[in-house]
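In: Take a look and give me a structure for this.
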Amino acid sequence: MTVRTRDGLATAERIVVKVGSSSISGEAAWRIPMLVDALAAAHARGAEIVLVSSGAIASGIPFLSLDARPTDLATQQAAAAVGQNILVYRYQEALRPFGIVAGQVLLTTGDLDNPTSRSNARRAVERMLGLRVLPIVNENDTVATQEIRFGDNDRLAALVAQLVQADALVLLSDIESLYTKPPTDPSAEPIDVIAAGADLSGLQFGATVVNSVGTGGAATKVSAARLAAASGIGVLVTSADLVAQALQGDEIGTWFEPAVTGS
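Out: Below is the predicted model of the structure:
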């Protein structure tokens, strides 16, 4: 059942959670067990969880003896191939004490645009959820060259939420909520709720930010949240450090109300 308000996350049956590279890679890798603890708690109450996780390239960089994120496509692809293995291993190790098995799903937005591959992806994920496996979705950086150059796992998470007809989508960020202006502006105010179809032209979410380990920013999250909300999926944007509270339905973050769809 679609979650209409953020407190409904506490009882939602199917939730897609997205986490970015900067939250779980490099020195931030300590967050993986914390994230898994929250996901496992929701899983234990019977919820079906799909995790969309960035971080393959960032996780692979140290194993290639690179000092920074590579700029050439071939090295990015090599880092992604190595890092995806490391990333899923870290998740599985964190999941092991809970008796939860992870399943890797690598997609491109092109896969979801193609009716045949879209159907195949949905069938595979549905079967994993039926087997109580936790699907871990990432963009397939080794082949999706456009995704590497302009990759946006926030959008991929919204598309996955649509694919599996999730009750809610949680986009984890580096800040607790979205603001009316960049958080560094003293006049910026946190946004509690964004109504379906609301006019956001007066707000300043900023441009996409590319840092040393990933891509993203408030603007990409707003775009992805509105995409999901327009299809009837409620979306919470909040900090990765607050994932447990988010899945408990606490009054945190910015909630995008879902549009009313169908009859």
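
In: neighbouring contacts of the strand or helix carrying Ile15?
Out: Following DSSP states H and E, one finds Ile15 within strand 14-19. For strand 14-19, the external contacting residues (C-beta atoms under 8 Å, 6 or more residues apart in numbering) are 9, 31, 35, 39, 42, 47-55, 129, 153-154, 156-157, 160-161, 164-172, 240, 243, 247. The C-beta positions use only the backbone N, C-alpha and C, and glycine is treated the same way.

In: can you tell me which of those are in helices?
Out: The members of the contacts of strand 14-19 that map onto helices under DSSP state H are 31, 35, 39, 42, 129, 153-154, 156-157, 160-161, 243, 247.

In: is it true that Gln162 touches Gly232?
Out: No. Look at Gln162 against Gly232 with C-beta atoms under 8 Å: they stay out of range, at 9.1 Å.

In: Confirm for me that Leu9 is in contact with Ile252.
Out: No. The criterion here is C-beta under 8 Å, and Leu9 misses it with Ile252 at 10.3 Å.

In: Between these two, which is the more surrounded one?
Out: Remark: of Leu9 and Ile252, Leu9 carries more neighbours, 23 against 19, as counted by other C-beta atoms under 10 Å.

In: Apart from its chain neighbours, what residue comes closest to that one?
Out: Nearest residue to Leu9, sequence neighbours excluded (C-beta to C-beta, 6 or more residues apart in numbering): Gly249, at 4.4 Å.

In: which stretch of helix or strand covers that neighbour?
Out: Going by DSSP H and E, Gly249 is not in any helix or strand.

In: Just the pLDDT at it, thanks.
Out: Reading off the confidence values, Gly249 has pLDDT 97.

In: again, but for the one 4 residues further on
Out: For Gly253, the pLDDT comes out at 95.

In: do you know how far Val16 is from Leu129?
Out: Distance from Val16 to Leu129, counting by C-beta to C-beta, to the nearest Å: 11 Å.
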